[in-house]
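[1] give me a model of this one.
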Amino acid sequence: MSALFDIDLADASTFPSRRTEAWKYSDLRRYLREAPQPSPTAAIGAPGPFYDLGGEAIVFANGRAVGVTDFIASGEQTLRLRYISDAQGTGHTASARVAARAGARLLLLETHEGAGSAYVAHNTLELDVAAGAEVTRVVLVEEPEDALSIAQAQVRVEAGGVFRQTVIATGARLQRVETRIDHHARGAHVQADGLYLLNGARQADLTSVVRHLDRDGTTSQLIKGVARDTARGVFQGKIVVRPGAQKTDGYQLNRALLLSDQAEIDSKPELEIYADDVKCAHGATVGQLDEQARYYMAARGLPPETARKLLVRAFLGDAFVALEDEEESERLMDVALGKLDKHL
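    Numbering: from 1, shown residues only. Next comes the predicted model:
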């Protein structure tokens with residue numbers, strides 16, 4: 001395991017608890033007190049949700065690489081990164097490394113595909129975005145309701161690079177998608193968006209830390225979530241502006257919907273600023289569906305359940321990254337949001 005990541009499934013002493021501030025809403029030790037037994041080998045099965053979008057592929061099955069684990073992009077490329085879990089009560093870890101060379105344009109389609117029950121998955125990614133490169137990362141996480149799942153990414157964006165991200169999470173017993181970004185600014189831009197849609201007793205935690213290490217960089221972040229039944233949604237986002245990172249422009253917004261009295265939303269946007277010539281802001285709102293809109297739809301003959309699904313999908317849609325190719329963007333969004341229909 002790379003030293004960049006702080007969890008080792010073989011060492012229970014590394015499992016964080018709520019006493020660790022960054023894990024206060026996602027107490028892994030509460031559910032996992034001992035190192036799990038290693039998962040057995042698993043079959044790959046179906047080709048994955050983004051197969052029709054083409055490109056190269058890196059595949060892991062229960063932590064075991066099926067072929068290469070590293071990828072270097074040049075020119076315009078698509079990479080499908082698949083972390084497959086099919087286990088019963090065991091644990092596994094997978095680690096990938098991806099880099100985009102200067103001037104490259106990479107569409108990274110990352111899926112966490114789960115089957116079986118009560119497994120523990122820890123999947124990691126190291127991603128380097130070179131000067132002048134552009135990477136769009138879409139992460140789709142679909143797992144059993146009793147799984148424990150931690151996905152961690154360490155991203156380095158060099159001067160003048162562009163990194164865009166959308167995370168789509170549907171929750172599990174405990175599911176955390178964590179992104180740490182070193183932002184080297186000098187014209188670089190980061191867009192770190194995401195959404196979660198939760199039902200039953202599922203929990204999803206979208207956590208991010210963006211560190212501005214130099215001047216003239218921008219970061220924007222929009223996280224949207226919907227929780228119903230007894231589900232729990234968590235957003236923790238921090239933008240850190242280091243000394244000397246003047247002219248930083250950073251913005252965070254977290255918006256969430258509660259669709260039941262028993263559901264829970266925890267939101268913790270943070271700014272940590274050590275420079276004086278910056279423009280940074282954050283905000284968070286939690287509410288319910290617009291009753292006027294529901295009434296409008298009902299008056300035109302739409303069943304209440306259909307109206308609710310349409311409103312939820314519309315609410316989540318603008319948290320999905322837009323590509324310059326509008327047709328490709330629509331195809332991508334249809335695949336990703338189509339996977340959410342059973343959770344609406």
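
[2] which other helices and strands does the helix or strand where Gly237 lies contact?
    Following DSSP states H and E, one finds Gly237 within strand 232-241. Here strand 232-241 touches strand 189-198, strand 203-212, strand 218-227, strand 249-258, strand 264-273, strand 279-287, going by 3 or more CB pairs under 8 Å, 6 or more residues apart in numbering; DSSP states H and E. The C-beta positions use only the backbone N, C-alpha and C, and glycine is treated the same way.

[3] that one relative to strand 264-273, how many degrees between them?
    0 degrees (axes from the mean of the first three to the mean of the last three CA atoms, to 10 degrees).

[4] can you give the strand pairings for strand 232-241, parallel or anti for each?
    strand 203-212 (parallel), strand 264-273 (parallel) (DSSP bridges).

[5] quick one: buried residues of the last one?
    Along strand 264-273, the positions that meet the burial threshold by neighbour count (16 or more other CB atoms under 10 Å) are 264-269, 271, 273.

[6] which among the residues you listed gets closest to Ala245?
    Ile273 (8.8 Å; CB to CB).

[7] give the contact list for that closest one.
    The contact partners of Ile273, taken as CB atoms under 8 Å, 6 or more residues apart in numbering, are 240-241, 280.

[8] residue ranges in this protein under the pLDDT threshold?
    Applying pLDDT under 70 to the chain picks out residues 1-4, 293-296, 322-325.

[9] do you know how far the residue lying farthest from the centre of it is from Glu143?
    Relative to the centre of the chain, the most outlying C-alpha is that of Ala299, 37.2 Å out, by CA atoms, centre = their mean. Distance from Ala299 to Glu143, counting by CB to CB, to the nearest Å: 39 Å.

[10] list the contacts for the residue nearest the centre of the chain?
    For the chain, the residue nearest the mean C-alpha position is Val167 (3.2 Å; CA atoms, centre = their mean). Taking CB under 8 Å, 6+ apart, we find Val167 in contact with 139, 141, 177, 179, 193-195, 206.

[11] check which helix or strand it maps to.
    Under the assignment here (DSSP H and E), Val167 is part of strand 162-169.

[12] may I have that strand as CSV, with CA atoms only?
    Taking Å, rounded to 0.1, in the frame of the first residue of the first chain, the C-alpha atoms of strand 162-169 are listed here in CSV:
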residue,chain,number,x,y,z
VAL,A,162,-7.5,21.0,-15.5
PHE,A,163,-9.1,18.4,-13.4
ARG,A,164,-12.9,17.8,-13.4
GLN,A,165,-14.7,15.2,-11.3
THR,A,166,-18.1,13.9,-10.6
VAL,A,167,-18.7,11.2,-8.0
ILE,A,168,-22.0,9.3,-8.0
ALA,A,169,-22.6,7.2,-4.9
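
[13] ok, that strand: who's next to it in the sheet?
    By DSSP bridges, strand 162-169 pairs with strand 134-142 (parallel), strand 189-198 (parallel).

[14] can you list contacts of the first one?
    Residues from elsewhere that reach strand 134-142 (CB under 8 Å, 6+ apart): 49-50, 73, 100, 104-114, 127, 129, 149, 151, 153, 161-170, 175, 177, 194, 204, 321, 323, 332, 336, 339.

[15] check which residues of that strand are buried.
    Within strand 134-142, the residues scored as buried using 16+ other CB under 10 Å are 134-142.

[16] ok, back up a step: check the buried residues of strand 264-273 and tell me the two furthest apart.
    Across these (CB to CB), the longest gap, 29.6 Å, separates Glu264 and Ile273.

[17] now for the strands paired with strand 162-169, which one comes closest to Phe5?
    Among the strands paired with strand 162-169, strand 134-142 comes nearest to Phe5, with 16.3 Å by CB to CB.

[18] can you get me a residue count around Gln292?
    Residues lying near Gln292 (other CB atoms under 10 Å) number 8.

[19] before we move on, what SS does it have?
    helix (DSSP: H, G, I helix; E, B strand; the rest coil).

[20] now swap in Ala336 and tell me
    Secondary structure of Ala336, per three-state DSSP, is helix.

[21] pretty sure it contacts Val321?
    No. Applying CB atoms under 8 Å as the test, Ala336 and Val321 come out as separate, 9.9 Å apart.

[22] who touches both of the two?
    Common neighbours of Ala336 and Val321 (criterion: CB under 8 Å, 6+ apart): 138, 166.

[23] turn the helices and strands packed on strand 232-241 into a markdown table, including distance to Gly63.
    What follows is those, written out as a markdown table (distance: least, CB to CB, whole Å):
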| stretch | distance to Gly63 |
| --- | --- |
| strand 189-198 | 24 |
| strand 203-212 | 21 |
| strand 218-227 | 28 |
| strand 249-258 | 32 |
| strand 264-273 | 30 |
| strand 279-287 | 36 |
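
[24] ok, which of the ones you listed comes nearest Arg30?
    strand 203-212 (11.2 Å).
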